[in-house]
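**Q** got a predicted model here, sequence first, then my questions.
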Amino acid sequence: EAGVVQSPRYKIIEKKQPVAFWCNPISGHNTLYWYRQNLGQGPELLIRYENEEAVDDSQLPKDRFSAERLKGVDSTLKIQPAELGDSAVYLCASSLELFSDEQYFGPGTRLTVT
Amino acid sequence: KQEVTQIPAALSVPEGENLVLNCSFTDSAIYNLQWFRQDPGKGLTSLLLIQSSQREQTSGRLNASLDKSSGRSTLYIAASQPGDSATYLCAVRSSGTYKYIFGTGTRLKVLA
């Protein structure tokens, strides 16, 4: 069974440019999470989807971040415009159902903003 | 607000040693606690999950304990191997929430 797929794996952009990250969860997993992990820190939840509905986006900086999961399968996280402080690893995870404790993580996208 | 701290931040040990990683949390009203492993350039893998009603969980050479009253959990690794080298993260789910709060991790290096 394929795991959570993320692309790109690495991205380097200049500040003020837009960037997008893509995630394809494990087949059949209804719940999808986006996390941000700063260097030397643990992951912090940005947004959680149940199917195509964002059920918790309270930690998402809405002035520059947006996310979508249009058909309830794959998801895109966008930053526009990027700032230096956005440099981090962006992790996607999925779980079978809403309150499952078993989250499966993708390898992440390492973003560097110069 | 739940805060999770892990000590030490980094640890280097010779192969074969038994070792203990520590995790502390500020709010004892937890639902469960998980220990994760993170390898460089890879995502997190769950190692052990302890429910709030449990005192410990074991998987192979790993043993995790939980003391809610003191706000502590430990991850014991027996007979460490170079393949155990990774960052170990503790994550706490508080009662009444679904969200996990992660610690900053312990970076472990096991020397051959």
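**A** All right, it came through fine.
**Q** show me what the nearest residue in space to B:Ile7 that is not next to it in sequence is bridged to.
**A** Using Cβ to Cβ, 6 or more residues apart in numbering or on different chains and skipping residues adjacent in sequence, the residue nearest B:Ile7 is B:Asn22, 5.0 Å away. Where C-beta positions appear, they are placed from N, C-alpha and C, glycine not excepted. Applying DSSP bridges to B:Asn22 gives these bridge partners: B:Ile7, B:Thr74.
**Q** which residues touch B:Asn22?
**A** Counting by Cβ atoms under 8 Å, 6 or more residues apart in numbering or on different chains, B:Asn22 touches B:Gln6, B:Ile7, B:Pro8, B:Arg72, B:Ser73, B:Thr74, B:Thr106.
**Q** the first one and chain A: what is the separation?
**A** Plainly put, B:Gln6 is 8 Å away from chain A if you go by Cβ to the nearest Cβ, to the nearest Å.
**Q** how many neighbours does that residue have?
**A** 22 (other Cβ atoms under 10 Å in any protein chain shown).
**Q** quick one: pLDDT of the residue nearest to B:Ile7?
**A** pLDDT, B:Asn22: 97.
**Q** what of B:Gly71?
**A** You'll see B:Gly71 listed with a pLDDT of 96.
**Q** how about it, nearest residue that isn't a chain neighbour?
**A** Using Cβ to Cβ, 6+ apart and skipping residues adjacent in sequence, the residue nearest B:Gly71 is B:Phe25, 4.9 Å away.
**Q** thinking that neighbour is in contact with B:Glu3, fair?
**A** Yes. Between B:Phe25 and B:Glu3 there is a contact at 6.9 Å, judged by Cβ atoms under 8 Å.
**Q** show me which of the two is the more surrounded one.
**A** B:Phe25 (24 against 12).
**Q** tell me the contacts of the more buried one?
**A** B:Phe25 touches B:Gln2, B:Glu3, B:Val4, B:Thr5, B:Leu33, B:Gly71, B:Arg72, B:Ser73, B:Val92, B:Ile101, counting by Cβ under 8 Å, 6+ apart.
**Q** are any of those residues buried, and which?
**A** Neighbour-count burial within those applies to B:Gln2, B:Val4, B:Leu33, B:Gly71, B:Ser73, B:Val92, B:Ile101; the criterion is 16 or more other Cβ atoms under 10 Å in any protein chain shown.
**Q** correct me, but the fifth one touches B:Ser65?
**A** Translated: B:Ser73. Yes. B:Ser73 lies in contact with B:Ser65 (Cβ under 8 Å); the separation is 6.4 Å.
**Q** shared neighbours of these two, which are they?
**A** Taking Cβ under 8 Å, 6+ apart as the criterion, B:Ser73 and B:Ser65 both touch B:Ile50.
**Q** sorry, back to before: out of the buried ones among the contacts of B:Phe25, who's nearest A:Asp101?
**A** Among these, B:Leu33 lies closest to A:Asp101 (Cβ to Cβ), at 10.1 Å.
**Q** hmm, back to that, can you tell me which of the contacts of B:Asn22 is closest to chain A?
**A** The nearest member of the contacts of B:Asn22 to chain A, counting by Cβ to the nearest Cβ, is B:Gln6 at 8.4 Å.
**Q** cheers, nothing more for now.
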